[in-house]
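A.B. asks: My questions are about this predicted structure, shown below with the sequence.
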Amino acid sequence: MPLEKSVFQRSNTNEGQLKIKLANLDGITKVKFVLYDISKGLIPIQELELNVSSTSLESSITASGGWYKLKVDFTNKLGQKTTEFVKNVGIGEVFIVAGQSNVQRNGPPPKDDRVVAAYFKEDKANQPDFISLNTKMYRPWAWPSPPGTSFLGALGDALVDRFQVPILFFSAAVGGTSSGDWFQSTLNNSTPYYYIDIALQKYVPTLGLRGILWFQGESNSLNWSYNPEKEQYKKEVEQLVNQSRKRIGFDKLSWVVSLTSWNKVGVTPGDLNDPNADEFRNKTREGQQLLIDSDQYIFPGPDTDVLEGYNNSPLRIDGVHFTEKGFTEVGKLWAGALNSQYFNGSSPYITFKPTFIQKVSQNISFEEWSPPSDCEWQDLPKPINQAIPLHYSILEGEAEIKGNQIRLKGKSGTLKILIQNEGNDSFYGFSQTLTYDVDPFLNKAKIIDQNWVFKKNTFTSIKATCNVGIPKWYLDKSLSDLYFTGEELLTIIDKNQRFYLVCEEVSCKTEPVQLALLLKDCHDNFNRSRDRKMTNYNLKGIHQTKLSLLDREEIVENKLPSDNPVGFTLRSEGHVTIEFPECQINK
């Protein structure tokens, strides 16, 4: 069976296989496996029942990345049952970490028990168990190279928090080693390279591997030590890369190389006899960069030299080795380097294929879900008990799908989402249609200011708003000639003008609102009260009067159009009201 707290490498689609090996099955006729998801309150998510025809059995259970409990029921010829458990087993990320003493020293333990390392027990030579690094037993032995957790606690916590899957580390570091030491050891598979090779031989073929983290360079950066030119550094570490890939027959095995050269042991700030001066450090850093640039599967690690320090400094206890605070910061830097570009661009090494498997149905359900209420991208319905990737497509309705997100186009009706996969060696294919009613969520742009006066050759303001999207103003009905984008259009018109107004947000559009701006000889609707001359007032009719009887004769003359009548109404003693026709907008 899988060892307690072992972690199997997941694929880039977040699925993996728990490898199962059983022996000494004399008299056993049937074996049933039940996989429980610990993060969901130990609910069963997979079952696999196999008939036993020999004394041993190999198979696997496929599941998404996570932390699980495995129950195994054995049934013998008499129908009697016994049960065994593996309390913690995971599908997640597996790394080998190699380099110098800054990989070996004791650092802060992780908070999460899903950060796991191979653990060496003296009574089981070369047969490590797996142990959560937040337990007391983590000090001082990590396998295959002792001791400590270095920056792995901080890095492990960050990765677990990001992906919600367990992380397994194999330590393969030796203090004080240069790139030349590592190169020489590949020629006869001796220490220090032997520590990488033994992990590749004994565990990677079963568990898989995401990649190798290379954190080395301090010993290369001293004038009295081994200080090769940048081309030599690249050549020496490149030999490690090629050897590791050859060992498992996988030329895409990823390496992540840090920029590391800081070594101020015995140096005080400003020391003129600094054996770790820039001219020595730069050779190492430039060699590391050459290595990164030379291969698409060698990725940039963190620049740890930004964490400077001399003897008894907050980050470096002796000018080279990190304090616990320093290791916490190193872990953060490594977590930043292992970003989405790395995980999307690297190819994990996964080799196991079951020799015998019995297919089971995929019992998948979906969380409660409602269609989007606007045209923003929204996550698709989330599956529960998903074991292998699902594919989404639209059977009915106006929508588009990209990855695991959907975007509607604002039309009402029925939305039918087809969710399916073809299955695999472990599971039958799955197909289900989810149906939803969709309400429209876009309508015509709303004009919020209609009190316009279109005066020739003067600025005119037109205001509009959208409940989704941004108002866009066009000059033609084809919407090809964009005039302005925004809620307030400021324009000068010197002739009759037409605009077409739409609310537009990527795939979401409204029907255009047509605006015809017609220049007319008219003015705002308003009331003007004027004092009349009591001694000489004469009102002959509703549309007739003597303009000379008004106090502001010149204003009235300028405002009155020749073809539009104006009404005069006697409102009260001493006042007369002048009413002009209102300007209109055609919509």
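C.D. replies: Happy to help now that I have it.
A.B. asks: for the stretch 451-587 of the chain, what are the low-confidence residue spans?
C.D. replies: 451-455, 467-468, 504-511, 518-587 (pLDDT under 70).
A.B. asks: ok, now the stretch 1-150 of the chain?
C.D. replies: 1, 120-128, 136-147.
A.B. asks: what's the helix or strand hosting Gly287 packed up against?
C.D. replies: If you go by DSSP states H and E, Gly287 is part of helix 278-293. Packed against helix 278-293 by the contact rule (3 or more CB pairs under 8 Å, 6 or more residues apart in numbering; DSSP states H and E) you find helix 230-248, strand 254-259, strand 298-303. Glycine gets a C-beta too; all of them are placed from N, C-alpha and C.
A.B. asks: which parts of it are buried?
C.D. replies: Buried positions in helix 278-293, judged by neighbour count with 16 or more other CB atoms under 10 Å: Phe280, Arg281, Lys283, Thr284, Arg285, Glu286, Gly287, Gln288, Gln289, Leu290, Leu291, Ile292.
A.B. asks: Got the domain ranges for this structure?
C.D. replies: Taking automatic domain parsing as the reference, the chain has its domains at 92-345, 365-429, 446-517, 527-579.
A.B. asks: Any figure for the gap between the most centrally placed residue in the chain and Ser346?
C.D. replies: A centroid search over the chain (CA atoms, centre = their mean) returns Ser340, at 6.9 Å, as the residue closest to the centre. Distance of Ser340 to Ser346, computed by CB to CB, to the nearest Å: 11 Å.
A.B. asks: Check which residues of the longest strand anywhere in the chain are buried.
C.D. replies: Identified as the longest strand of the chain according to DSSP state E is strand 81-99. By 16+ other CB under 10 Å, the buried positions in strand 81-99 come out as 86, 88-99.
A.B. asks: Over to stretch 298-307?
C.D. replies: Buried, per 16+ other CB under 10 Å, within stretch 298-307: Ile298, Phe299, Pro300, Gly301, Pro302, Thr304, Asp305, Leu307.
A.B. asks: who's in contact with the residue nearest to the fifth one when sequence neighbours are not counted?
C.D. replies: Think Pro302. Distances taken as CB to CB, 6 or more residues apart in numbering place Leu333 nearest to Pro302, at 3.5 Å, with adjacent residues excluded. Contacts for Leu333 (CB atoms under 8 Å, 6 or more residues apart in numbering) come out as Pro302, Asp303, Thr304, Val306, Leu307.
A.B. asks: next one: Ser225
C.D. replies: Ser178, Ser219, Pro275.
A.B. asks: Make CSV from these and add distance to Lys111, pLDDT and neighbour count to it.
C.D. replies: Formatted as CSV, the contacts of Ser225 follow (distance: CB to CB, whole Å; pLDDT from 0 to 100; neighbours: other CB atoms under 10 Å):
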residue, distance to Lys111, pLDDT, neighbour count
Ser178, 35, 95, 23
Ser219, 32, 94, 23
Pro275, 38, 93, 17
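A.B. asks: still on that earlier bit, so what are the sheet partners of the longest strand of the chain and their directions?
C.D. replies: strand 7-9 (parallel), strand 66-76 (antiparallel), strand 167-173 (parallel), strand 211-215 (parallel) (DSSP bridges).
A.B. asks: before we move on, back to that, helix or strand for the residue nearest to Pro302, which one?
C.D. replies: With DSSP H and E as the test, Leu333 turns up in helix 324-337.
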